[in-house]
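Trainee: my questions are about this predicted structure, shown below with the sequence.
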Amino acid sequence: MADTSHYKCPSCGAPITYVPGTGRLVCEFCGTEVPVENLIDSAKKEPSFKWTGTDTSETAPDREYVCSSCGATLEAFDSAIVTACPYCGNNISSTEDVKGSYRPNLIIPFRFTKEEAAARIEAHLKKKHLLPKGYVKAAKQGELRAVYVPYWLFDCVLDGPVNLSGEISYTEEVKESDGSTRTENRTEHYRLERYAHLDFKRLPVDASTHFDDKAMDALEPYSWSELTDFSDVYFTGCLAEKFNSTPDDESGRVLGKVIEGMQEYFSSTERHYSNVRVSEDGTRLETGDVKYVMLPIYSLNFTFAGKREQIYMNGQTSRIAADLPVRGIRAAWRFLWSTALVFALIGIVTAYV
């Protein structure tokens, strides 16, 4: 059996829950408020994750727990961190899941409550006029969960020669044999030899295979100024997962993000040229410090037209990521209406020419 810790109201003994954006835990029964710092004992802070550049996996912790409040035996999936007892309702945390190499270095607490998140998601969907009928209603009836998702934060340096391709387009007056002139568009192609030295700090990559990588990337950026030392106090009232993908496993995604960042950098600095692209890459990536962090994400799950739908919201910035369906007939009518309007305007302009 693995050990657990739990948090109770000092006044009535009921569960207390962290309220996003307040820095306090509140008792739902008597209203007692407890500042987070009162529950964090820095003197007893355990060592946390440290990446050595090798496989960090350990023997998986036991997946049976005893609630220290009511004595019930709890079971959990290997990837989940126990956050609440289903019998007595007390907020608990498995100490086995958050110690040693399993203990995160840092965490960004939720800024928005579940009610605020639901309202922001609904407002976002109502702006999407091409959604199928009934989609917003189905989303409102779905299950919204506050989940701390494990991430790796990489510090890395990209260094080395790189060749770029770029274009310069211009118009030129061409004189015809009969003395008339015409305008001709021309494009010149260039090979640009450059040297890259780019320093990346806190490059985020999610460390769980249970979440869609594209959706997690779409929720960025986060404000790293709100990173704070990890404490399972923030887990109260939320779900949480621990990493099941190591920093080494995510090296390919890190390289992809770095190359994308290099492309964006040269596109912004080589402003004299258009369509700047990396044609030959001789750079080398060196990875430095890696931090294990927990980031706040709301996950909305529901079923629409027999299909499972998922909408994610950044619990710090309220940025939303979703692969939304489009109502076919409605989209077609909008296209036809827009096309008809364009031709009508062309006809009016032609009539006055």
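Mentor: On my side now, so go ahead. Residues are numbered from 1 along each chain as shown.
Trainee: residue ranges with poor pLDDT in the stretch 201-350 of the chain?
Mentor: The stretch 201-350 of the chain contains residues with pLDDT under 70 at 328-350.
Trainee: so residue 15 versus residue 30, what's the distance?
Mentor: Distance, residue 15 to residue 30, by C-beta to C-beta, to the nearest Å: 11 Å. For glycine as for every other residue, the C-beta is placed from the backbone atoms N, C-alpha and C.
Trainee: what sits in contact with each of the two?
Mentor: Listed as contacting both residue 15 and residue 30 by C-beta atoms under 8 Å, 6 or more residues apart in numbering are residue 9.
Trainee: who's more crowded, these two?
Mentor: residue 15 (22 against 13; other C-beta atoms under 10 Å).
Trainee: wait, the more buried one touches residue 7, no?
Mentor: Yes. In terms of C-beta atoms under 8 Å, residue 15 counts as a neighbour of residue 7; the distance is 7.2 Å.
Trainee: which strands and helices sit next to whatever helix or strand residue 25 lives in?
Mentor: Assessed by DSSP states H and E, residue 25 sits inside strand 24-27. On a contact count with 3 or more C-beta pairs under 8 Å, 6 or more residues apart in numbering; DSSP states H and E, strand 24-27 meets strand 16-19, strand 33-35.
Trainee: could you identify which of the ones you listed is most buried?
Mentor: The highest average neighbour count among the helices and strands packed on strand 24-27, using mean count of other C-beta atoms under 10 Å, belongs to strand 16-19 at a mean of 23.
Trainee: next one: it to chain centre, how far?
Mentor: How far strand 16-19 lies from its chain's middle: 23 Å, per C-alpha atoms, centre = their mean, to the nearest Å.
Trainee: ok, it: who's next to it in the sheet?
Mentor: Counting by DSSP bridges, the strands paired with strand 16-19 are strand 24-27 (antiparallel).
Trainee: name the element residue 118 belongs to?
Mentor: Counting by DSSP H and E, the element that carries residue 118 is helix 114-126.
Trainee: pull out the buried positions in the next helix or strand after that helix.
Mentor: Later in the chain than helix 114-126, the nearest helix or strand by DSSP H and E is helix 135-140. Buried residues in helix 135-140, counted by 16 or more other C-beta atoms under 10 Å: 135-136, 139.
Trainee: count the neighbours of the nearest residue to residue 296 once chain neighbours are set aside for me.
Mentor: Excluding its sequence neighbours, the residue lying closest to residue 296 (C-beta to C-beta, 6 or more residues apart in numbering) is residue 315, at 3.0 Å. By other C-beta under 10 Å, 29 other residues sit near residue 315.
Trainee: tell me the spacing between residue 315 and residue 222.
Mentor: Here the criterion is C-beta to C-beta. By it, residue 315 lies 10 Å from residue 222.
Trainee: what's the overlap in contacts for those two?
Mentor: Residues touching both residue 315 and residue 222 (C-beta under 8 Å, 6+ apart) are 108, 295.
Trainee: ends of stretch 271-287, how far apart?
Mentor: One end of stretch 271-287 to the other measures 30 Å (C-alpha to C-alpha, to the nearest Å).
Trainee: any idea how far residue 168 lies from residue 9?
Mentor: Taking C-beta to C-beta, one finds residue 168 at 69 Å from residue 9.
Trainee: neighbour count winner among those two?
Mentor: With neighbours defined as other C-beta under 10 Å, residue 168 and residue 9 compare such that residue 9 has more, 20 against 13.
Trainee: show me what contacts that one?
Mentor: Each residue near residue 9 by C-beta under 8 Å, 6+ apart is listed here: 15-16, 27, 29-30, 32, 34.
Trainee: what about the closest residue to it other than its chain neighbours, how many neighbours?
Mentor: Spatial nearest neighbour of residue 9, excluding adjacent residues (C-beta to C-beta, 6+ apart): residue 27 at 3.8 Å. Neighbour count of residue 27, defined by other C-beta under 10 Å: 19.
Trainee: ok, residue 27 touching residue 13?
Mentor: No. Using C-beta under 8 Å, residue 27 is not in contact with residue 13; the gap is 9.1 Å.
Trainee: out of the helices and strands packed on strand 24-27, which is closest to residue 118?
Mentor: Among these, the nearest to residue 118 by C-beta to C-beta is strand 16-19 (15.7 Å).
Trainee: in the chain, where's the longest strand?
Mentor: Identified as the longest strand of the chain according to DSSP state E is strand 143-175.
Trainee: partners of that one, with directions?
Mentor: Sheet partners by DSSP bridges: for strand 143-175, these are strand 181-206 (antiparallel), strand 239-241 (parallel), strand 274-281 (antiparallel), strand 284-304 (antiparallel).
Trainee: show me what contacts the spatially closest residue to residue 34 that is not a sequence neighbour?
Mentor: Leaving out its chain neighbours, the residue that sits closest to residue 34 by C-beta to C-beta, 6+ apart is residue 25, at 4.7 Å. Residue 25 makes contact with 7, 16-19, 33-34, 36, 39, 233, 236, according to C-beta under 8 Å, 6+ apart.
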